[in-house]
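K.L.:
Return atomic coordinates for the entry below.
(chains A and B)
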Amino acid sequence: METLITILIGVLVTVAVYLLLSRSLIRVILGSAVLSHAVHLLLMVMGGLKKGSVPLLGEQAEAYTDALPQALILTAIVISFAVSAFLLVLAYRTYKETGLDDLHELRGFTDE
Amino acid sequence: MNNIVVMPMVIPLLMGVILIFLRPFVKAQRVLSMVAMIATVIATVYILNLIQSDGILRLDFGGWLPPYGILFVADSFSTLLVLTTAVVTAIILLYSFSSVGPRYENMFFYPFVLFLVAGVNGSFLTGDLFNLFVCFEVMLLASYVLITLGGRRVQLIESIKYVVINVLSSWFFLVGIAYLYGTIGTLNMAHLSVRIAEVGQGPLLTVIGIIFLLVFSLKSGLLLYFWLPGSYSAPPTAVAALFGALLTKVGIYAMFRTFTLLFYHEPHITHTLIGVMAAITMVGGSLGAIAYDDVRQIVSYNVVITVGFILVGLAVFNEVAIIGSIYYLIHDMVVKALLFLLAGTMIYLTGKSRLADMSGLIRNYPVLGWLFFITTLSLAGIPPLSGFIGKLYIGQGTVGAGAYVLLAIAFLSGMFVLYSLLRIFMNCFWGETIISEDDEPPLRNRLLLPCVLLGIATFVLGVGVEGISDYVRDAAYTLMNPEVYVDAVLNDEK
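P.N.:
Numbering: from 1, shown residues only, chains lettered A, B, ... in the order given. Here you go, the predicted model:
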């Protein structure tokens, strides 16, 4: 199961890198969102997928699942959500201000 | 356990939240943000002295003992940087009171400055790798807002690059954390240090170390500094000064922490790599600093040179060089803030930013001119100013390690710093005065005062270096002997 998820992560990263390297700003933002999903999956796989029962005292199970990666992912999701929202607003403002969403035309200093 | 440790993060954070509700009351915002920074300074001075008497302090959140819970650890190194951050921010706030204008002040400028400081202080104090990531993000999100605030065209264009590159580096940070958790099974820094020492730093762990190196070099502008000059020259002066003084330093701090506490077993791979990157950074930064004609660009490239210079101390990896790096780090936070403020003031006064468009400013603004000259000397490392002692120790450490190529590049880059700043000085302050007496905008004392304060600070840091030498030595000792840090976190039942 871990191998399968790892391959999925690889696919997600590939898609994200393709999107990030494109010229359209919206695609870059979508790429960064996909990229963060890939790393959330990676965090989960690295902690080991579910093997034991819920990590609660008194459950009397033989093995407990590691709960830490879930906590990490939850935090990381919140952060990536905030950053994506900010980037989308930024892209919208930039489009309204300059009429551009092509990164090739947005590069560099205008006064050089 | 001592609750005071969390104060440098909590005071700015809570005050920032309060200020959001005080949006229309600009005067109250100014007073309260200044109160918050002064309270932070007082708390930090208290912590710093407590560390000297009681050893490294820690605070386990929620009473969860390490390695299970998240904790804050205050040692001399982190507390010195927190203190410098608080002092520099207070002075920059003083400058922003009379420079940023109501357009910013009504739009949550002060809350986000405080959130930025909270993130920076949290990054310095945390003892948990994932918490470091979270504090980085607090700092970065505040910086995203500050860089775009105002919404001028150039700000929007530059901030897209800034945000995307930081999203990418945060992604690598998470990848590094995931791999490290997968191999070692913990994220508490002291616990990581113990376990890495136990299993030995094999090729796998070295590669993970290099992922962290990549992350922190993107944040600090070591080798991967291509985004830095553009984004640091876009925002208003006060914000640029905050960025130039604080943001790259957090990346440098994280690099020092990880490569002295966690991945220090294979210095011929990791630290050699840092040395090569530092050398290329200094060469690239020097070329940038002399190539451009725009004051803001020159100043930004000076930030790049310094990042390389400070990391020379980590690359040669002996106690003398680390002492030098810490001195230089503190010095640079003060002087870079001053340099950005002076450059911003020059642009404010003339309305131009190119060297060719300014001339003879010293006749109209003598204090500004002399301050710029002092800054130049301080950055070049002329005694008795604050840059000297750091340069001396880094040089001594580099000679001790026999890294003569690095030494040559480091000191040559100092020449380029001097040349690039003297070029600004001679072009803009000397020569024929273009602005006539009637046209010259008055330089208000309220703009000049923060610059003078920082100028005094660089002088005091240089002359009174003995005052902080105990703290710096203790900081370097802790960095070079990771078992001190580990003992304080894992074994101490305080």
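K.L.:
rest of the way, CA atoms for contacts and neighbours
P.N.:
Noted.
K.L.:
quick check: mean pLDDT across stretch B:135-143?
P.N.:
Across stretch B:135-143, pLDDT averages out at 96.
K.L.:
That one close to chain A?
P.N.:
Yes. For stretch B:135-143, a contact with chain A is found by Cα under 8 Å from any Cα of the partner chain, at B:137, B:141.
K.L.:
chain center to that stretch, what's the gap?
P.N.:
Its chain's C-alpha centre and that of stretch B:135-143 lie 14 Å apart, by Cα atoms, centre = their mean, to the nearest Å.
K.L.:
and what of stretch B:230-238?
P.N.:
A distance of 15 Å separates the centroid of the chain from that of stretch B:230-238, by Cα atoms, centre = their mean.
K.L.:
and that stretch, C-alpha only, in CSV?
P.N.:
The C-alpha trace of stretch B:230-238 is given here as CSV (Å, rounded to 0.1, in the frame of the first residue of the first chain):
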residue,chain,number,x,y,z
GLY,B,230,13.9,42.3,-6.8
SER,B,231,11.6,41.7,-3.9
TYR,B,232,13.6,43.7,-1.3
SER,B,233,13.6,46.8,-3.5
ALA,B,234,9.8,46.8,-4.1
PRO,B,235,8.2,47.6,-0.8
PRO,B,236,8.3,50.9,1.1
THR,B,237,11.4,51.8,3.0
ALA,B,238,10.4,50.7,6.5
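K.L.:
Give me the pLDDT value at the nearest residue to B:S386 once chain neighbours are set aside.
P.N.:
Closest residue to B:S386 apart from its sequence neighbours, by Cα to Cα, 6 or more residues apart in numbering or on different chains: B:G462 at 3.7 Å. At B:G462, the model reports a pLDDT of 92.
K.L.:
which SSE is B:G462 in?
P.N.:
Element membership of B:G462, judged by DSSP states H and E, is helix B:445-463.
K.L.:
just checking, what packs against that helix?
P.N.:
Judged by 3 or more Cα pairs under 8 Å, 6 or more residues apart in numbering or on different chains; DSSP states H and E, the packing partners of helix B:445-463 are helix B:76-97, helix B:319-350, helix B:366-380, helix B:387-401.
K.L.:
Show the average pLDDT along stretch B:199-215.
P.N.:
Per-residue scores along stretch B:199-215 average to 94.
K.L.:
for that stretch, which positions count as buried?
P.N.:
Within stretch B:199-215, the residues that count as buried by 16 or more other Cα atoms under 10 Å in any protein chain shown are B:201, B:205-215.
K.L.:
residues making contact with that stretch?
P.N.:
B:169-170, B:172-173, B:176, B:179-180, B:255, B:263, B:265-266, B:270 (Cα atoms under 8 Å, 6 or more residues apart in numbering or on different chains).
K.L.:
rerun at 7 Å
P.N.:
B:169, B:172-173, B:176, B:179-180, B:255, B:263, B:265, B:270 (Cα atoms under 7 Å, 6 or more residues apart in numbering or on different chains).
K.L.:
Pick out the most distant pair among the residues you listed.
P.N.:
Taking Cα to Cα, the two most distant members of those are B:S169 and B:H265; they sit 24.7 Å apart.
K.L.:
From the contacts of stretch B:199-215, list the ones also adjacent to chain A.
P.N.:
Restricting the contacts of stretch B:199-215 to those touching chain A (Cα under 7 Å from any Cα of the partner chain) yields B:Y179.
K.L.:
Helix, strand, or coil at B:V73?
P.N.:
strand (DSSP: H, G, I helix; E, B strand; the rest coil).
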